[in-house]
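Peer 1: Please find the sequence and the predicted model below.
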Amino acid sequence: MHKVKGVEDKNRAAVVYFHGGAVITLDAELAEAVAVKIAIDGDLTVFNVDFRNGPEAKAPKNYLDCYAATKWVIANAAKYNLDPKKISIHGESGGGYLATGVAMHLAKNNESHLVKCVIPDVPMIYAGWLTKPTVEMNGPAAWCKPKHLDGVKLICEDWEKQFASKDPDVFPAEMSEDLLAKLPPHVVMTREFDMFYHDAVYYADRLKKHGKLLELYVQPGACHYNFHGKPLLEDRKKIWRRYCH
């Protein structure tokens, strides 16, 4: 847990944060600097979640870990001086997949009211990787397609079956219309030249049809690994403060 020094520790807005790493690498300790930055920039209490990675843990175990962590934070809001109406979830890249999976599971359980906002950033969530012609992808996506799909296979129990069915446990942007309509509000973030640009835009379009999209933010001129450059830093501050408080 990361808290901002020098502010009143009462009725705090919070973010439950899921780190990136394609859900097969990295851990919460390595993502600590990102969590601290979110806390400072957003004036938030941030819970940095460790979850099980693939290939040992297959979907949906990864996002169910994050769902359990989210429910734990909500249940312990009073203990940590949080405003229970101001708890949001966020993750980038593989963490964006996890945040979307948690949102989907909340919708399945009619619990979407428990979180204020979902903020997936450059999320890896789209089954279009399987069918979209390379010539219709941006450059980074076209270059990364084979390696990305090899990585996705590592979180599958039966990748051939799950790819063929566009399994929402693996590609949560493909969840049913009924679940989309029950989701919490979303802010979707991406980069102009991000390999997961198409994932974010596709999901944002589906959310918008159901009135669940608060904002689609596209950082101009940037790629996947640009998490801290301008104008992103200032824009992220505005997003945290506008939507999480």
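Peer 2: Noted; the coordinates are in hand. Numbering: from 1, shown residues only.

Peer 1: Distance check, P123 against T134.
Peer 2: With distances defined as CB to CB, to the nearest Å, the gap from P123 to T134 amounts to 21 Å. (Glycine included, C-beta is placed from N, CA and C.)

Peer 1: out of those two, which sits in the busier spot?
Peer 2: Neighbours per residue (other CB atoms under 10 Å) separate P123 from T134, with P123 holding more: 29 against 10.

Peer 1: Assess the claim that that one and Y197 are in contact.
Peer 2: No. Taking contacts as CB atoms under 8 Å, P123 lies outside contact range of Y197: 10.5 Å.

Peer 1: what's the overlap in contacts for the two?
Peer 2: Residues touching both P123 and Y197 (CB atoms under 8 Å, 6 or more residues apart in numbering) are T190.

Peer 1: For E8, what are phi and psi?
Peer 2: Note on E8: its backbone torsions stand at phi -60, psi 120 [degrees, to the nearest 10].

Peer 1: Now do the phi/psi pair for the spatially most central residue of the chain.
Peer 2: For the chain, the residue sitting closest to the mean C-alpha position, by CA atoms, centre = their mean, is G96 at 2.3 Å. Backbone torsions of G96, given as degrees, to the nearest 10, read phi -70, psi -40.

Peer 1: wait, isn't it in contact with I125?
Peer 2: Yes. Using CB under 8 Å, G96 makes contact with I125 at a distance of 6.7 Å.

Peer 1: Need the overlap of contacts for these two.
Peer 2: Both G96 and I125 are in contact with F196, where contact means CB under 8 Å, 6+ apart.

Peer 1: Surely I155 touches E56?
Peer 2: No. Counting by CB under 8 Å, I155 stays clear of E56, with 9.9 Å between them.

Peer 1: higher neighbour count, those two?
Peer 2: When I155 and E56 are compared for neighbours, I155 comes out ahead with 26 against 10, by other CB under 10 Å.

Peer 1: can you give me phi and psi for that one?
Peer 2: Phi and psi for I155, reported as degrees, to the nearest 10, are phi -100, psi 10.

Peer 1: quick one: the nearest residue to it once chain neighbours are set aside from K61, how far?
Peer 2: Taking CB to CB, 6 or more residues apart in numbering, and ignoring the residues beside it in sequence, I155 has G54 as its nearest neighbour in space, at 3.9 Å. Per CB to CB, G54 is found 9 Å from K61.

Peer 1: before we move on, what about A22?
Peer 2: To K61, A22 is 15 Å away according to CB to CB.

Peer 1: With neighbour numbers in mind, choose between the two.
Peer 2: For A22 versus K61, the count of surrounding residues by other CB under 10 Å is larger for A22: 19 against 16.

Peer 1: How much space separates the residue lying closest to that one once chain neighbours are set aside from R12?
Peer 2: Distances taken as CB to CB, 6+ apart put G94 closest to A22, at 4.5 Å, once the chain neighbours are dropped. With distances taken as CB to CB, G94 is found 27 Å from R12.

Peer 1: ok, these two, which is more surrounded?
Peer 2: Residue environment comparison for G94 versus R12 gives the larger neighbour count to G94, 28 against 20, counting by other CB under 10 Å.

Peer 1: Who are the contact partners of the more buried one?
Peer 2: G94 neighbours (CB under 8 Å, 6+ apart): 18-24, 124.

Peer 1: So which of the residues you listed is the closest to K147?
Peer 2: Distances from those to K147 were compared by CB to CB; the smallest belongs to A22, at 9.7 Å.

Peer 1: just checking, the closest one touches V122?
Peer 2: No. Here A22 lies out of contact with V122, judged by CB under 8 Å, at a distance of 11.4 Å.
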